[in-house]
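*Asks:* need a 3D model of the following:
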Amino acid sequence: MIFDAQDMDRSLFDRIFDVCVIGSGPAGMTVALMLARQGFDVALMEGGAEDLTEESQALYEGEVEGLDNFELDVSRLRMLGGSSNHWNGRCRPLEAFDFFERPYNPMSGWPIGKTELDPYAAATEEVLDLTPALAPERPVAGGGGNFREVFWQRSAPTRFGTKYRDEIAALPNLALCLDANLLDLRLDDALASVTGAVFRSYAVGDPGFTVTARRYCLCLGGIENARALLNFDSQVPGGIGNRNDLVGRYFQDHVAVEVADVLFEHPFPTGSERTYTPGFDYQNRIEGLAMAFVVAPRYIDPDRSLPHQLVRAAECITPLTERLFEHLRHQTLKCSVNGLTELWTQRDPEHYPSGYVWAQTEQPLMADCRVMLNDERDAFGQRRATLDWLLDEHYYETLREATIALGATLADEGVGRIKIRNWLLGKNPVLPRRSEKVGDIAARHHMGTTRMAADPAKGVVDPDCRVHGIANLYVGGSSVFPTGGFANPTYTITQLSLRLADHLSEELSA
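*Replies:* Numbers count the residues shown, from 1 in each chain. Predicted coordinates for the structure are as follows:
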C-alpha cells in the first residue's frame, strides 16, 4: 500500500507495526520487502515523493570543507528508491581481506568476516539484477606478480523505486508513506529503547504524527544517518548513539581520480576496460589501502564535429546539468572525457591508441574526517550537515608507489606504457579539484559514519547493526562500514540488508 503523508488518513498508522523502516533506498527497501514478504507488518517511511522535487532535495543542502567533494544536495537523491536513481550499476563484493584489521590503518577491521555475507550473494544478485556471474580474478605475472586482474558485475542499473513500486502497492502488510520527513526518535525513560518515530509532511501547519513499532531501522544514507542521530539530542545530549562521540566520525568516500595516461601497444576497443588491484601481500608491504586501477581507452565520440562537441561540453557545465542530461539520456555522460578536450586530443586514435588510468581507492580512517552539524537549519528546523573530507600524507605516498608498480606491470604484460599525472608526482601532492576534469575525485560512496564494532568504544552499531545501548534501533546502509575496500558499496549494502532482515525476522518471531 502506498500513501502520501500530506493527504492520507493518519489513523491508518495508528497501530503498532512490527518494524518501522526509515528510508527507501537500497538498504531500506531491501529490509522492508524481505520482512513484508514473510508476513510482518512494516511501515516504510520516505521523506521524498515518487519523483524528485525541489522542496525535498533542498533538505540535503549542506557545507563541504577540506578536500573537494560534491555538493551534498548533488551527491544524493531524496525520493523513492533513494540514490539508486543515479547509481551506475557497477558491482563487486568486498574482498576477504577488506574485513581484516590492518595495524597501519588504526580502527580498521570488521567484527564480522566475508563468510558471514557470502550466503547472501545469490539473493543480492537477484535484488540487483546481476548477470552474468562474477568472473574469477586473473593472476598477473608481470611486474613481479604484485597485481591481479579483477572483474565487475553490472546491473542495468536497478532503480529500486521503479522495480519494486508495484509489489509495494500490492502488499497489504507493507505501508509505504511518501513525503514523511523524520523529525525525531523518542526514547523511553531509561533512554534504552525507541518508543516512537515522529514525522511531518510538507503541508503548512502540519502537527506531525508518530509511528510506533517493535523495531526501528534507520536507512537514510551515509550522511543522513549521522545527521539524524546528531540532531536527535532533546533527550540525549550530543545525539542518539553518540555517547562515545563517534557518530559522524571516520567518514569515508572512495577517491576516484585519474592517475596516469597510457599509450597502448595495440588498439584497445572503445568501451572496454581492465581493472588491476594490488595483491594483499603487496598491499601490506607498502602499507597501502585497497585500490583498483581501471585502464580504459579514451572515449571516441562517433560524431567528432565541433558543433556536436560544443553541445556535449554544455551538458557537462555543472554537476546539476550533468545529472539532468544523464536522466534524460538514460546513460552516463562521461563528462571527464568528453567535449572539446577530446576533439583536440583524439585526432588519430587508430594509429596512436591512447587511454588513461583511473584509480578507485579506499581512504585512510581519520576521526576528524567527519560529518557534523552546522548552525544553519532546514525547513523543519533540523541542523544541516557539514562534511569535512580529509586524506593524510601516507595515502598519497602509497598511491604513487602503487601507480609506479602498475606501470611496470602494464609494460611487462605488453599492454602499454604509462605517464603518471603531474598532480601525483609533486613533492606534497594534493587531490585535484573536480574542475580540473581528472575524474569524479569523490565517488559519492558515503560510508563509515555509524561504524560497526563489537566494542561500543570503537563503533556506533554492533555486529547485528543495532545501535549500542538502544535495544530496538538498527542502522542500515554503508554508514555502518568500518572500512570500504575499493568496490562500489551497493552490493555489500544489499548483502548487509538481507542479513539484517534475517536478524530482525528471528528477533520478531522469538
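*Asks:* tell me the SS of the residue nearest the centre of the chain?
*Replies:* In the chain, the residue lying closest to the centroid (CA atoms, centre = their mean) is H445, at 3.0 Å. Here H445 is coil, with the state taken from DSSP: H, G, I helix; E, B strand; the rest coil.
*Asks:* what's the distance between it and T492?
*Replies:* According to CB to CB, to the nearest Å, H445 and T492 sit 10 Å apart. All C-beta spots, glycine's among them, are computed from the backbone N, C-alpha and C.
*Asks:* okay, and the common contacts of those two?
*Replies:* Residues touching both H445 and T492 (CB atoms under 8 Å, 6 or more residues apart in numbering): S478.
*Asks:* pLDDT below threshold where in the stretch 301-450 of the chain?
*Replies:* Along the stretch 301-450 of the chain, the parts satisfying pLDDT under 70 run over 301-352.
*Asks:* tell me the contacts of the closest residue to R499 other than its chain neighbours?
*Replies:* Excluding the flanking residues, the one nearest R499 by CB to CB, 6 or more residues apart in numbering is Y120, at 5.9 Å. Going by CB under 8 Å, 6+ apart, Y120 touches 494-495, 498-499.
*Asks:* now do the helices in the stretch 401-510 of the chain.
*Replies:* With helices called from DSSP state H, counting those that start in this stretch, the stretch 401-510 of the chain shows them at 422-425, 490-509.
*Asks:* just checking, which helix or strand of the protein averages the lowest pLDDT?
*Replies:* helix 340-345 (a mean of 42; mean pLDDT, DSSP states H and E).
*Asks:* for C91, see how far away the residue nearest to R499 is.
*Replies:* Counting by CB to CB - Y120 and C91 are separated by 13 Å.
*Asks:* find the nearest non-adjacent residue to L52, please.
*Replies:* That would be M79: by CB to CB, 6+ apart, it lies 5.0 Å from L52.
*Asks:* for the one you found, grab the count of nearby residues.
*Replies:* Residues near M79, counting by other CB atoms under 10 Å, number 23.
*Asks:* ok, D375 next?
*Replies:* Count around D375 with other CB under 10 Å applied: 7.
*Asks:* so it: helix, strand or coil?
*Replies:* When classified by three-state DSSP, D375 comes out as strand.
*Asks:* look up phi and psi at the spatially closest residue to it that is not a sequence neighbour.
*Replies:* Residue nearest to D375 in three dimensions, not counting chain neighbours: R383, with 7.0 Å by CB to CB, 6+ apart. Main-chain dihedrals, R383, degrees, to the nearest 10: phi -70, psi 140.
*Asks:* for the one 4 residues further on, same thing?
*Replies:* When quoted as degrees, to the nearest 10, the phi and psi of L387 stand at phi -100, psi 120.
*Asks:* okay, P267: pLDDT?
*Replies:* On the pLDDT scale, P267 is placed at 84.
*Asks:* then D233?
*Replies:* Here, the pLDDT recorded for D233 equals 97.
*Asks:* in contact with it, which residues?
*Replies:* D233 is in contact with 239-240, counting by CB under 8 Å, 6+ apart.
*Asks:* okay, strands next: where are they in the stretch 1-150 of the chain?
*Replies:* Applying DSSP state E, counting those that start in this stretch to the stretch 1-150 of the chain gives strands spanning 2-4, 16-22, 42-45, 63-66, 90-91, 138-139, 147-150.
*Asks:* again but with the stretch 251-400 of the chain, I slipped
*Replies:* Counting by DSSP E, counting those that start in this stretch, residue ranges of the strands within the stretch 251-400 of the chain are 255-264, 274-278, 291-297, 354-361, 370-377, 383-389.
*Asks:* for the fourth one, which positions count as buried?
*Replies:* Okay, so that is strand 354-361. Neighbour counts over strand 354-361 (16 or more other CB atoms under 10 Å) mark 354-361 as buried.
*Asks:* what sits up against it?
*Replies:* Here strand 354-361 makes contact (CB under 8 Å, 6+ apart) with 254-264, 268, 289-298, 337, 346, 399, 403, 406, 416, 418, 439, 443, 486, 488.
*Asks:* just the CA trace of it, in CSV.
*Replies:* C-alpha atoms of strand 354-361 as CSV (Å, rounded to 0.1, in the frame of the first residue of the first chain):
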residue,chain,number,x,y,z
SER,A,354,45.8,6.1,-26.0
GLY,A,355,43.9,5.9,-22.8
TYR,A,356,44.1,6.7,-19.1
VAL,A,357,44.2,5.0,-15.8
TRP,A,358,41.8,6.0,-13.1
ALA,A,359,42.0,4.7,-9.5
GLN,A,360,39.2,4.0,-7.1
THR,A,361,40.7,3.7,-3.7
